[in-house]
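Participant: Predicted model follows, preceded by the sequence.
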Amino acid sequence: MRDDAQDARNMLFNLLVEMPGKESYIAIRELITQHPDASFREWMTHQAHRRAVLDGDLPLWTAEQVRGFGSSLTLVPTTNRELFEQGVLQLLELKHWLEEGNESPFAAWQAVKGETKIRGLVAGNSTGAAQSFSAARRRTNFPTGSGPTSGC
């Protein structure tokens, strides 16, 4: 029965290692501090590092993206994934600002009733934050294999 419990713990840890994201990395780091066996902690540290490398394996920037970022300190998304990630980042920044910010209008936002009005507040904030970049570019391919590139 003890072997079954150890196998279950190992299986859960391996599942955690395979889950992408910051939360998985943080959970692994917490487990490292709690494990009593130093040799196992070393292996767990290696797994945490592996998770961080996999999560951080982002596509390389083009020279144009580096120049654009250097001049405006803003990354203009070129793929739908980058656009999505920037949208998520904006929502997380809004959440942090509302919950932790010194000048946060949290009390005013809490007084707003109704999902539609809350959506309007979030949309207004997101629209203001999004003024620095446009939507990801999409290429429409025509049967001839050519097509214009347009911003969305």
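Facilitator: Okay, I see it.
Participant: For residue 59, see how far away the most centrally placed residue in the chain is.
Facilitator: Taking Cα atoms, centre = their mean, the centroid of the chain lies closest to residue 85, which sits 5.6 Å from it. Per Cβ to Cβ, to the nearest Å, residue 85 is found 12 Å from residue 59. (C-beta placed from N, C-alpha, C; glycine too.)
Participant: before we move on, back to that, so where does the residue nearest to the centre of the chain fall, helix or strand?
Facilitator: Element membership for residue 85, per DSSP states H and E: helix 80-100.
Participant: Quick one: distance of that helix to the chain centre.
Facilitator: 8 Å (Cα atoms, centre = their mean, to the nearest Å).
Participant: now do stretch 96-105
Facilitator: 20 Å.
Participant: before we move on, what about stretch 103-112?
Facilitator: Stretch 103-112 sits 25 Å away from the centroid of its parent chain (Cα atoms, centre = their mean).
Participant: what distance separates the start and the end of that stretch?
Facilitator: End-to-end distance for stretch 103-112, by Cα to Cα, to the nearest Å: 18 Å.
Participant: what's the neighbour count on residue 108?
Facilitator: Residues near residue 108, counting by other Cβ atoms under 10 Å, number 9.
Participant: mind checking which helix or strand it is in?
Facilitator: helix 106-111.
Participant: could you pull out the helices for this structure?
Facilitator: For the chain, the helices defined by DSSP state H occupy 2-18, 22-34, 38-55, 63-72, 80-100, 106-111, 115-129.
Participant: follow-up on the earlier one: what residues of the helix holding residue 85 count as buried?
Facilitator: Judged by neighbour count using 16 or more other Cβ atoms under 10 Å, the buried positions of helix 80-100 are 82-83, 86, 90, 94, 98.
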